[in-house]
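J.: Sequence and computational prediction follow.
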Amino acid sequence: MEEQISLKQSKKDLFWEIFRFLLVGGTATVVDYLVYFVFRRWILSPTYFSGAPAWDTVSLLLSIAIGFTVGLIVNWILSVKFVFRAVKNKEEAKSKKSFLLFTLIGIIGLAITELGVLLLVFIFPEINLFGVVSFLGLPWEEWIAKVIMTCLVLVWNYLGRKIFIFKS
C-alpha cells in the first residue's frame with residue numbers, strides 16, 4: 001500500500017514539474033519571441049539591404065539565435081529556481097557543468113529550430129490569413145514555422161534537461 005502511495009505521489013510530483021516546466025518555458029518563449037521580433041523587425045531588418053536576398057536569410061537566422069539565447073538564459077534562471085525541485089543533487093544541478101550541459105542542449109535545440117524554420121519558410125507557399133500576408137510586419141510563414149519548431153524543441157529541451165541535468 002505504501003509503495004502505491006509513493007508511486008501516486010511521484011506521478012503527482014512529475015505532473016507539477018511538467019506544469020512548472022511549461023510555465024517557465026512559456027515565459028522564456030515570450031521573451032524569445034519578443035527579442036526575435038525586435039531584432040528581425042527593427043535592429044536587423046531585412047529591408048536594410050533590400051537588394052541582397054542573402055541578408056534576409058542572415059537576418060532571420062541571427063534574429064532567431066539572439067531571441068533563443070536570451071530565452072535560454074531566462075529559462076535557466078527560472079528552471080533552477082522553480083522547475084526541477086526534486087533532484088538528487090541540487091548543488092550539482094546548479095553548477096557550471098550543469099549550465100554548460102543546459103547550454104549544449106539549448107544549442108542543439110537552436111540548431112533544430114534554425115534548420116526547421118529555414119526549411120519551413122522556404123517550402124511554405126505565401127500564407128494569407130485574415131486577408132493579410134504578414135503579422136506585425138513579418139510574414140506569416142516565419143511566425144508559423146517558429147511556432148511549429150518551438151513545439152518540437154520543447155519536447156527535446158524537457159527530455160534533455162531531465163535526463164542529463166535535473167535527474168531525480
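T.: Thanks, I have it.
J.: Packing partners of the longest helix seen in the chain?
T.: Assignment by DSSP state H gives helix 2-38 as the longest helix of the chain. Applying 3 or more C-beta pairs under 8 Å, 6 or more residues apart in numbering; DSSP states H and E, one finds that helix 2-38 contacts helix 53-78, helix 140-164. Yep, even glycine has a C-beta here, placed from its N, CA and C like the rest.
J.: right, and the ones you listed - which one's nearest Phe15?
T.: With C-beta to C-beta as the criterion, Phe15 lies closest to helix 140-164 of the helices and strands packed on helix 2-38, at 13.2 Å.
J.: so Leu62 sits right up against Ser45, yeah?
T.: No. Leu62 is beyond contact range of Ser45, at 11.3 Å (criterion: C-beta atoms under 8 Å).
J.: on that earlier part again, tell me the buried residues in the longest helix of the chain?
T.: Across helix 2-38, burial judged by 16 or more other C-beta atoms under 10 Å covers 17, 20-21, 24-25, 28-29, 31-33, 35-37.
J.: Pick out the most distant pair among the residues you listed.
T.: The span of the buried residues of helix 2-38, defined through C-beta to C-beta, is set by Glu17 and Phe37 at 30.0 Å.
J.: Which of the helices or strands spans the spatially closest residue to Ile148 that is not a sequence neighbour?
T.: Leaving aside its chain neighbours, Ile148 sits nearest to Leu120 (6.4 Å; criterion: C-beta to C-beta, 6 or more residues apart in numbering). For Leu120, the enclosing helix or strand under DSSP states H and E is helix 96-123.
J.: What's the local residue count around the residue nearest to Ile148?
T.: A count of nearby residues for Leu120, using other C-beta atoms under 10 Å, gives 16.
J.: which residues does it contact?
T.: Glu141, Ile144, Ala145, Ile148, Met149 (C-beta atoms under 8 Å, 6 or more residues apart in numbering).
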